[in-house]
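Novice: Dropping a prediction and its sequence here:
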Amino acid sequence: MRYAPAILVGRLTRFAARLRKPGGGSAVPGLVVNRIAPGYLKRTLSGFPQGLIVVSGSSGKSTTTKMLVAILRAHGVDVFTNPSTANISQGLTSALLEQADWRGRVPGQVAVLEMDEGHGALVMQGVDARIVTLMNVMVDQIDRFHDSDMVAGMLARIAARAHEAIVVNADDAYLQRLAAKAPAGVAVRRFGVSERVLAAAPRGLGYTETATRRLEQGDGVRVESVDGATAVLADGALSVDLRLPARGTHYAVDAAAAYATAKAALGEGFSPRTAADALSALPAVFGRGERVRVRGQEVEFVLVQNPASYQLNVDSIAPETEQILFAIGSDVRDPSYFWPTDASSLKRVSVVSGSKAAEAALMLAYDGVEIDRVETDLGRAIDDFLASPPPAHGVKTIIFSADAMRRTRAHLGLTGAE
């Protein structure tokens, strides 16, 4: 009863937001409820019978969260999650409102939530997590995270809320140091890659500081090999084959993180075969190597959010890809922090667009990429790109930042969150 008025106001706000902008305004109801009932989010997150599992880090949060949810559900667990990948406080509240009853109660045995590292450190104040999974520390959006030590500090505050286990990337030196400080009674579980996988990554895995020691056989969950969109995980003496939702070693690392977290959460009830089947059946996550059919053509969406994800995702694009639209939006306030990356593997881009089209085109030109056209009007660029004949090899590919992704999906009428 305590939160009933706030829930009502939030739902009315959501209705009005969707009337004004179909498929949009997903965070607005949460912003309103957080203002009028500031205790609702923390109270609700603390109320799941089997606790809260948090996934955070610089990159890979969305894919790992969806993978983990799929594994748990395949084991018969009733999971609440934030499917819209809204990972800041108002987005989390909006996700709760989507399923809350009139008293504010949310169904589910366990909550599995992706959390932005900055907002998560604030949201988790006063909230206990059963398990916290930390993906990595990377050079990130410099207007928000100017220093990797700052990011590591935020992740440490989130990890401090775990009372059962923390699951960390053993290849990330920052996270290894964080794990070494875990208090007594909190288990540490690890995931990582083999020496062979690391050696096959020409520019490394994108971490600010890569650990010098690899996981030994039987110590955690290890990515043994990656071949395009297939991977092999080593779980002790067990070898687990699986299909990834998209190409790239970073997706295999996400799978290892989800597998290790599910194993920690389920204990003796964990089935490696069930986990592998759930991972292999999973489609790509909202813009992360996602393939959609629009206007009679198959199109692949590739989201880049920081220099490391930019490099890893560009490197994973199939070499025969002929037609690429490259769009950088207003969320990248200072495109110069992308300059250390190398996009030369793209070779040629059909259209460069978005509010930062000029800066993006200059950056690509310095990497030796041929550019057919610069079009600042994103809607026009999309229409012309899709109207051109299909490529002889590969599929049409759109590389975009988060703002350009939202605008692209809205322009194409792809309003669903997943």
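Specialist: Ah, there it is.
Novice: Just the pLDDT for residue 201.
Specialist: Looking at residue 201, its pLDDT reads 83.
Novice: just use 23 as the starting number from now, easier for me
Specialist: Okay, residue one is now 23; in that scheme the one you just asked about reads as residue 223.
Novice: I'd guessed it sits against residue 274; true?
Specialist: No: applying Cβ atoms under 8 Å as the test, residue 223 and residue 274 come out as separate, 10.6 Å apart. Heads up, the C-betas are built off the backbone N, CA and C, glycines and all.
Novice: These two: which is more packed in?
Specialist: residue 274 (24 against 16; other Cβ atoms under 10 Å).
Novice: for the record, mean pLDDT for stretch 80-98?
Specialist: Per-residue scores along stretch 80-98 average to 94.
Novice: C-alpha coordinates for it, PDB please?
Specialist: Coordinates of the C-alpha atoms in stretch 80-98 are reproduced here as PDB (Å, rounded to 0.1, in the frame of the first residue of the first chain):
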ATOM      1  CA  SER A  80      32.800  -1.200 -18.700                       C
ATOM      2  CA  SER A  81      31.600  -3.500 -21.500                       C
ATOM      3  CA  GLY A  82      29.700  -6.700 -22.000                       C
ATOM      4  CA  LYS A  83      27.000  -6.100 -19.300                       C
ATOM      5  CA  SER A  84      23.900  -6.400 -21.600                       C
ATOM      6  CA  THR A  85      25.000  -9.600 -23.400                       C
ATOM      7  CA  THR A  86      26.200 -11.300 -20.200                       C
ATOM      8  CA  THR A  87      23.000 -10.400 -18.400                       C
ATOM      9  CA  LYS A  88      20.800 -11.800 -21.100                       C
ATOM     10  CA  MET A  89      23.000 -15.000 -21.300                       C
ATOM     11  CA  LEU A  90      22.700 -15.400 -17.500                       C
ATOM     12  CA  VAL A  91      19.000 -15.000 -17.500                       C
ATOM     13  CA  ALA A  92      18.600 -17.500 -20.300                       C
ATOM     14  CA  ILE A  93      20.700 -20.100 -18.400                       C
ATOM     15  CA  LEU A  94      18.700 -19.600 -15.100                       C
ATOM     16  CA  ARG A  95      15.400 -19.800 -16.900                       C
ATOM     17  CA  ALA A  96      16.500 -23.000 -18.600                       C
ATOM     18  CA  HIS A  97      17.000 -24.400 -15.200                       C
ATOM     19  CA  GLY A  98      13.500 -23.500 -14.200                       C
END
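Novice: tell me the contacts of residue 365?
Specialist: Counting by Cβ atoms under 8 Å, 6 or more residues apart in numbering, residue 365 touches 332, 336, 385-386, 389, 391.
Novice: again with residue 131
Specialist: So residue 131 contacts 70-72, 99-101 (Cβ under 8 Å, 6+ apart).
Novice: So which of those residues sit within helices?
Specialist: If you go by DSSP state H, the contacts of residue 131 have nothing in helices.
Novice: would a markdown table of those residues with neighbour count and distance to residue 303 be doable?
Specialist: Below are these laid out as a markdown table (neighbours: other Cβ atoms under 10 Å; distance: Cβ to Cβ, whole Å):
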| residue | neighbour count | distance to residue 303 |
| --- | --- | --- |
| 70 | 20 | 25 |
| 71 | 8 | 27 |
| 72 | 15 | 23 |
| 99 | 18 | 16 |
| 100 | 13 | 19 |
| 101 | 20 | 16 |
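Novice: And the furthest pair within those residues?
Specialist: 71 and 101 (11.8 Å; Cβ to Cβ).
Novice: Overlap of the contact sets of these two?
Specialist: The contact lists of residue 71 and residue 101 share 131-132, where a contact means Cβ under 8 Å, 6+ apart.
Novice: ok, back up a step: just the buried ones from the contacts of residue 365?
Specialist: 332, 336, 385-386, 391 (16 or more other Cβ atoms under 10 Å).
Novice: for the stretch 73-222 of the chain, what spans make up the helices?
Specialist: Secondary structure of the stretch 73-222 of the chain by DSSP state H, counting those that start in this stretch: the helices cover 83-96, 111-121, 139-145, 170-181, 195-201, 217-222.
Novice: any idea which of the ones you listed scores lowest on pLDDT?
Specialist: helix 111-121 (a mean of 66).
Novice: From residue 405, how far out is the residue nearest to the spatial centre of the chain?
Specialist: With distances taken as Cα atoms, centre = their mean, residue 84 lies nearest the centre of the chain, 2.6 Å away. Computed as Cβ to Cβ, to the nearest Å, the residue 84 to residue 405 distance reads 28 Å.
Novice: ditto for residue 68
Specialist: Here the criterion is Cβ to Cβ. By it, residue 68 lies 48 Å from residue 405.
Novice: do residue 82 as well
Specialist: Residue 82 sits 32 Å away from residue 405, going by Cβ to Cβ.
Novice: higher neighbour count, those two?
Specialist: Between residue 82 and residue 405, counting by other Cβ under 10 Å, residue 82 is the more crowded of the two (28 against 14).
Novice: hang on, that one packs against residue 272?
Specialist: Yes: between residue 82 and residue 272 there is a contact under Cβ under 8 Å: 6.3 Å.
Novice: how about the helix or strand containing residue 406: buried residues?
Specialist: Per DSSP states H and E: residue 406 is located in helix 400-409. For helix 400-409, a neighbour-count test (16+ other Cβ under 10 Å) marks 400, 403-404, 406-408 as buried.
Novice: Same question for stretch 290-298.
Specialist: Those buried within stretch 290-298 under the rule 16+ other Cβ under 10 Å are 292, 294, 296-298.
Novice: Repeat that for stretch 259-269.
Specialist: Neighbour count says stretch 259-269 has 262, 264, 266-269 buried, by 16+ other Cβ under 10 Å.
Novice: need the residues you listed in CSV with pLDDT, can you?
Specialist: Formatted as CSV, the buried residues of stretch 259-269 follow (pLDDT from 0 to 100):
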residue, pLDDT
262, 96
264, 95
266, 93
267, 90
268, 85
269, 83
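Novice: and of those residues, the nearest to residue 179?
Specialist: Within the buried residues of stretch 259-269, the smallest distance to residue 179 is 30.1 Å, found for residue 267 (Cβ to Cβ).
Novice: and the nearest residue in space to the closest one that is not next to it in sequence, how many neighbours?
Specialist: Sequence neighbours aside, residue 306 is the residue nearest to residue 267 in space, at 4.2 Å (criterion: Cβ to Cβ, 6 or more residues apart in numbering). Residue 306 has 21 neighbours, counted by other Cβ under 10 Å.
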